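# okay, sequence plus prediction incoming.
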Amino acid sequence: MHTDMEYVSHHIEQLGATLSLTHFTAGTVSEIHAMISVEPRSEMFSAQLARIRQAEQQLMQLPEVSGAKPVFKRYFLSDATNQVGALREEDGQCTVSYIQQPPLDGSKLALWIYLQRGTEVANDRQSTIAAHNGYRHIWTMGLYNTTADTSYMQTWETLFTYIDILKQHGATLEANCVRTWFFVRDVDTQYGGLVKSRRECFAEQGLTADTHYIASTGIGGTPADPKAIIQLGAYAITGLRTGQQRYLYAPTHLNRTSDYGVTFERGTLIQYGDRNQVLISGTASINNRGEVLHVGDIRLQTLRMWENVEKLLAEGGMTYNNVMQIVVYLRDGADYSLVSDMMRERFPRIPYVITLAPVCRPTWLVEMECVAVKAASNDFPDF
């Protein structure tokens, strides 16, 4: 079995753009995570978008990416309501998430792209499906509902829209969804409604503390539609067998989220014949009693956040050397310089982006999520 993990970074001087990517191959399928950022250059959005587009074209021409197809994109935007129109005019290759979480490098947008080579990639309504070896990986982004005017009801309606999408693919929330992202307008006031609605919807669908939940990030983020309070993105897989998923808890450092009334898994390990994948949920500076640690100290909160993620990765048989991408969320943009320096020193190779996005408790100053992958030999079909 051929395996390969490679980190690549290209700075395109004439574009003022940086491409950072991780390329992993095991068996016949490659996975690629790429982050594209641009220098601000005191330009309007249209000029920065043009440079992002050109950088994306150059990304697709790199030998590490040649032949791969986009499966999912997320744009981190400084003003989603005014910017999303220009983006939608040109997108269509895959499912896309547009969310106002301003990149803190001073630019108006950044782009995360996930690509695969060796699978059949096709679009179906709001989803992109990557099919191979009996699996169907269903990525669905940008779901929201504005018929209701509370976070509780918008969450409820949006989740049932997603449940209907899964039904069209012969899937269910309980059996097939492995990852969600909930973006919340004004998270300090609206998160409670999301939590209550999600808990009740999950219980109705057979997801409880006694069964399992879903790896997730619930974070501040402003949808482009001014009436939308909640926006959902999700990833589901059909074709998984019994025992192919395992949930990660790191009990020495973290408690069960159900202890304080929320309903997500800290992380999920998915085992394939040729690789293991770990999906780490949004993770902050917390202990195994559910308490926020190092209130008011961004440096110590960052260190504890890293330690918590490291413990989750270890439970899945991995280290930071297996991480393919990182998203960092900051409550206070004034902390960017310090956290950026820390990230650059700690993770010089891993593609990451740092955005302005308040965490769900006011005293949490920073949160991160990541995806990791490692070659393996398991008694399941290859990826």
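All right, it came through fine.
# mind listing the helices for the stretch 1-150 of the chain?
Shown for the stretch 1-150 of the chain, the helices assigned by DSSP state H, counting those that start in this stretch span residues 45-61, 80-88.
# packing partners for the shortest one?
This means helix 80-88. Counting contacts by 3 or more C-beta pairs under 8 Å, 6 or more residues apart in numbering; DSSP states H and E, helix 80-88 packs against helix 45-61, strand 69-77, strand 95-100. C-betas here are computed from N, CA, C, even on glycine.
# list the buried residues for it?
Residues Ala80, Gln83, Val84, Leu87 are the ones in helix 80-88 that count as buried (16 or more other C-beta atoms under 10 Å).
# the longest one now?
For helix 45-61, a neighbour-count test (16+ other C-beta under 10 Å) marks Phe45, Gln48, Leu49, Arg51, Ile52, Arg53, Gln54, Ala55, Glu56, Gln58, Leu59 as buried.
# would you turn those into CSV with pLDDT and distance to Arg299?
Formatted as CSV, these follow (pLDDT from 0 to 100; distance: C-beta to C-beta, whole Å):
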residue, pLDDT, distance to Arg299
Phe45, 97, 33
Gln48, 97, 31
Leu49, 96, 34
Arg51, 97, 33
Ile52, 96, 31
Arg53, 95, 37
Gln54, 97, 37
Ala55, 97, 32
Glu56, 96, 34
Gln58, 96, 36
Leu59, 96, 33
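# which one of these is nearest to Tyr152?
Using C-beta to C-beta, Phe45 comes nearest to Tyr152 of those, at 33.4 Å.
# how near is the closest one to Met5?
Separation of Phe45 from Met5 (C-beta to C-beta, to the nearest Å): 35 Å.
# if we can go back for a sec, return the member of the buried residues of helix 80-88 nearest to Pro70.
For those, the nearest to Pro70 is Leu87 (14.0 Å; C-beta to C-beta).
# I'd say Ala131 and Gly118 touch.
No - when contacts are counted by C-beta atoms under 8 Å, Ala131 is not listed as touching Gly118 (11.0 Å).
# quick one: which of those two has more around it?
Set Ala131 next to Gly118 and count neighbours by other C-beta atoms under 10 Å: Gly118 wins out with 18 against 15.
# ok, the more buried one to Phe183 distance?
Taking C-beta to C-beta, one finds Gly118 at 31 Å from Phe183.
# check Leu49 too.
Leu49 is 21 Å from Phe183, by C-beta to C-beta.
# can you pull the contacts of Tyr336?
Leu104, Asp105, Leu330, Ile354 (C-beta atoms under 8 Å, 6 or more residues apart in numbering).
# and the closest residue to Arg179 other than its chain neighbours, which helix or strand is it part of?
Leaving aside its chain neighbours, Arg179 sits nearest to Tyr235 (4.2 Å; criterion: C-beta to C-beta, 6 or more residues apart in numbering). Per DSSP states H and E, Tyr235 falls inside strand 230-238.
# partner strands of the helix or strand just after that strand and their direction?
Under the assignment DSSP H and E, the closest C-terminal helix or strand after strand 230-238 is strand 245-248. Paired strands of strand 245-248, with direction, are strand 267-271 (antiparallel) (DSSP bridges).
# tell me the mean pLDDT over the strand it pairs with?
Average pLDDT, strand 267-271: 98.
# quick one: work out the angle between it and strand 230-238.
Angle of strand 267-271 versus strand 230-238, following axes from the mean of the first three to the mean of the last three C-alpha atoms, to 10 degrees, is 20 degrees.
# convert the C-alpha atoms of strand 267-271 to CSV, please.
C-alpha atoms of strand 267-271 as CSV (Å, rounded to 0.1, in the frame of the first residue of the first chain):
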residue,chain,number,x,y,z
GLY,A,267,-14.2,14.1,18.2
THR,A,268,-14.8,11.1,15.9
LEU,A,269,-12.5,8.5,14.6
ILE,A,270,-13.5,6.9,11.3
GLN,A,271,-11.6,3.8,10.2
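# and the gap between Leu173 and Ala131?
20 Å.
# what bridges to Thr180?
Beta-bridge partners for Thr180, by DSSP bridges, are Ser216, Ala234.
# pretty sure it sits against Gln231.
No - Thr180 lies out of contact with Gln231 (C-beta under 8 Å); the separation is 11.0 Å.
# determine the residues that are contacts of both of the two.
Counting by C-beta under 8 Å, 6+ apart, nothing touches both Thr180 and Gln231.
# neighbour count winner among those two?
A count of neighbours by other C-beta under 10 Å puts Gln231 above the other of Thr180 and Gln231, at 27 against 23.
# show me what contacts that one?
Ser97, Ile99, Gly142, Leu143, Tyr144, Thr158, Phe182, Phe183, Gly221, Pro223.
# if we go to 7 Å?
Applying C-beta atoms under 7 Å, 6 or more residues apart in numbering, we find Gln231 in contact with Ile99, Gly142, Leu143, Tyr144, Phe183, Gly221, Pro223.
# cool, and Leu312?
For Leu312, the contacting residues are Leu248, Ala250, Arg266, Gly267, Ile280, by C-beta under 7 Å, 6+ apart.
# in CSV, list the helices of the stretch 1-150 of the chain along with distance to Thr25.
As requested, the helices of the stretch 1-150 of the chain are exported to CSV (distance: least, C-beta to C-beta, whole Å):
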stretch, distance to Thr25
helix 45-61, 17
helix 80-88, 30
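# and those helices: which comes nearest Asp379?
Nearest of the helices of the stretch 1-150 of the chain (C-beta to C-beta): helix 45-61, 35.7 Å.
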